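S.K.: Kindly generate the corresponding structure for this input.
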Amino acid sequence: MAVKFPLDKFNEVQTPFYYYDIELLEDTLNNINDCTKGLPFHVHYAVKANANDRILRTINAAGLGIDCVSGGEVAAAINAGFDSKKIVFAGVGKTDREISLALDANILCFNVESIPELEAINELAQQKGKIADVAFRINPNVDAHTHKYITTGLSENKFGINLEQLPDVLKLASTLKNINVVGLHFHIGSQITILEPFKVLCDKINALQKEVNEMGFKLKIINVGGGLGVDYENPDKNPIPDFKSYFDIFKNNLILQEGQEVHFELGRAIVAQCGSLITQVTYVKKGTAKQFVITDAGMTDLIRPALYQAHHNIENITATTETTEIYDVVGPICESSDCFGENETLPTTKRGDLLALRTAGAYGEIMASRYNLRDLPTAVYSK
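M.R.: The predicted structure follows:
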């Protein structure tokens, strides 16, 4: 299923902009719903991947919940029509104002990451005469085999609570009158393309559940986070991740107790492939040993290559020749790291051509900035 780019529509829009294939997004959401049908599985979209309002409303229409990491994301979810009882709120540094907003909205639960945060939620809930449902984010010490910047489940990390600290946290929670413990939360990392770490996670959760039960806690929610990766190099070959194999890992390996639900927080896997960054070639610069394609998009529009050394498949979507040449594809920002790809083989490229940087629906538009006082990219939709 190759993404079709409506070039006639593109002629009317100033580059750079994000193009979203809404049909592909809908197919992805339908696939998720088909794979989880009849199971006690609840999928929350991780809004940090992309908070575009049209994207959020499409995901809400498919019946998914939402995972937020800021008060602004909670507000965006509510504005997009999400049921507040499908909103979970994570993050290591929730402010009092953000906690209050979420309490007022009566969200499903807070994913709590430290004792000070637990105490703050209890205090604010007490002031409002409310009971806050919480799940504790636990670091299960599982190596996700991914980039160090997006590995989050090791024992010592700014995120979550270490395993050995859990008994003390549960003991404290039992004394707080405005706290109701409803679950455990885990997230081992992002862009995970090998499924084995998820099986290891299941084994850790099974063992941990026994300990928690022995302490007198009966949990409704086991939140396994997200992290399922996507194919950045072959977006047309693999436009939808292998959700069946992913969900089957948890179906076959996680031992659930009566009435328990499994919650997921998928972001990139849902939206990455439906988005492309469209940019125009400003100049083709010939050096001594290299050729540079200089685009009007830069790291301000798509920061992943500069931040993570990530690579997005680059296509010349207006090329008129089958001959190819090798280029470094770079942006206009006054930083040497503003490079989308080195030694890229493209059709012979000229000033004015349009390039598509694929698999940019996640951590693209949402991370755009106005560095160098550049305009933020706009969005175009397939329908």
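S.K.: The strand ranked longest in the chain pairs with which strands, and in what direction?
M.R.: In the chain, with assignment by DSSP state E, the single longest strand is strand 275-286. Sheet pairing for strand 275-286, assigned by DSSP bridges, gives strand 17-20 (antiparallel), strand 291-295 (antiparallel), strand 354-357 (antiparallel).
S.K.: mind exporting the helix or strand where Leu307 lies as PDB, just the C-alpha atoms?
M.R.: Using DSSP states H and E, Leu307 sits within helix 304-308. Only the C-alpha atoms of helix 304-308 are listed here, as PDB (Å, rounded to 0.1, in the frame of the first residue of the first chain):
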ATOM      1  CA  ARG A 304      14.700  13.500  14.700                       C
ATOM      2  CA  PRO A 305      17.700  13.200  12.400                       C
ATOM      3  CA  ALA A 306      19.600  15.900  14.400                       C
ATOM      4  CA  LEU A 307      18.400  14.700  17.800                       C
ATOM      5  CA  TYR A 308      18.500  10.900  17.400                       C
END
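S.K.: Check which element follows that helix along the chain.
M.R.: Immediately after helix 304-308, counting by DSSP H and E, sits strand 314-316.
S.K.: Whichever helix or strand comes after that following strand relative to strand 275-286, how many degrees between them?
M.R.: Later in the chain than strand 314-316, the nearest helix or strand by DSSP H and E is strand 324-330. Put simply, strand 324-330 runs at 110 degrees to strand 275-286, going by axes from the mean of the first three to the mean of the last three C-alpha atoms, to 10 degrees.
S.K.: Contacts for strand 324-330, please.
M.R.: 284, 290-295, 314, 338-349, 355 (C-beta atoms under 8 Å, 6 or more residues apart in numbering). Where C-beta positions appear, they are placed from N, C-alpha and C, glycine not excepted.
S.K.: now do stretch 161-168
M.R.: For stretch 161-168, using C-beta under 8 Å, 6+ apart, the contacting residues are 112-115, 136-141, 155-156, 169, 208, 211-212, 215.
S.K.: how does it look with 10 Å?
M.R.: Residues outside stretch 161-168 that contact it (C-beta atoms under 10 Å, 6 or more residues apart in numbering): 112-115, 117-118, 136-141, 154-156, 169-170, 184-185, 204, 207-208, 211-212, 214-215.
S.K.: Please convert the buried members of those residues into PyMOL selection syntax.
M.R.: The buried subset of these, as determined by 16 or more other C-beta atoms under 10 Å, is captured in PyMOL by this line:
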select buried, resi 112+113+114+117+118+136+137+138+139+140+154+169+170+184+185+204+208+212
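S.K.: In helices, which of the contacts of stretch 161-168 appear?
M.R.: 115, 117-118, 169-170, 204, 207-208, 211-212, 214 (DSSP state H).
S.K.: Serialize the residues you listed to TSV and add fields for pLDDT and distance to Glu73.
M.R.: Below are the ones in helices among the contacts of stretch 161-168 laid out as TSV (pLDDT from 0 to 100; distance: C-beta to C-beta, whole Å):
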residue	pLDDT	distance to Glu73
Ile115	95	24
Glu117	97	17
Leu118	97	21
Val169	93	25
Leu170	93	28
Lys204	93	28
Ala207	92	32
Leu208	93	28
Glu211	88	32
Val212	91	29
Glu214	87	36
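S.K.: From the residues you listed, pick the one nearest Phe17.
M.R.: Nearest to Phe17 among these is Glu117, at 38.4 Å by C-beta to C-beta.
S.K.: Quick check, Arg97 in contact with Gly71.
M.R.: Yes - assessed by C-beta atoms under 10 Å, Arg97 is found in contact with Gly71 at 6.4 Å.
S.K.: more crowded one of the two?
M.R.: Gly71 (19 against 10; other C-beta atoms under 10 Å).
S.K.: pLDDT value on the more buried one, please?
M.R.: Listed pLDDT for Gly71 reads 98.
S.K.: Mean neighbour count added to the strands paired with strand 275-286, as CSV?
M.R.: Listed next are these as CSV, based on neighbours: other C-beta atoms under 10 Å:
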stretch, mean neighbour count
strand 17-20, 24
strand 291-295, 20
strand 354-357, 24
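S.K.: Let me have those strands in JSON lines, adding mean pLDDT and distance to Gly65 as columns.
M.R.: As requested, the strands paired with strand 275-286 are arranged in JSON lines below (pLDDT from 0 to 100; distance: least, C-beta to C-beta, whole Å):
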{"stretch": "strand 17-20", "mean pLDDT": "98", "distance to Gly65": "21"}
{"stretch": "strand 291-295", "mean pLDDT": "98", "distance to Gly65": "37"}
{"stretch": "strand 354-357", "mean pLDDT": "98", "distance to Gly65": "30"}
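S.K.: Need the contact partners of the helix holding Leu307.
M.R.: Taking C-beta under 10 Å, 6+ apart as the rule, helix 304-308 contacts 147-150, 190-191, 232, 298-300, 310-312, 329, 331, 333, 335-341, 357, 359-360, 362-364, 367.
S.K.: 8 Å instead, please
M.R.: 147, 149-150, 299, 310-312, 335, 337-341, 363-364, 367.
S.K.: In helices, which of these fall?
M.R.: Among the contacts of helix 304-308, DSSP H puts none in helices.
S.K.: Closest one to Gln127 out of those residues, please.
M.R.: Nearest member of these to Gln127, counting by C-beta to C-beta, is Met367, at 34.9 Å.
S.K.: Which strand or helix spans Asn33?
M.R.: helix 22-36.
S.K.: Of the contacts of helix 304-308, which belong to strands?
M.R.: 339-341.
S.K.: Closest one to Leu108 out of these, please.
M.R.: Within the ones in strands among the contacts of helix 304-308, the smallest distance to Leu108 is 38.7 Å, found for Phe340 (C-beta to C-beta).
S.K.: Thank you kindly, that will do.
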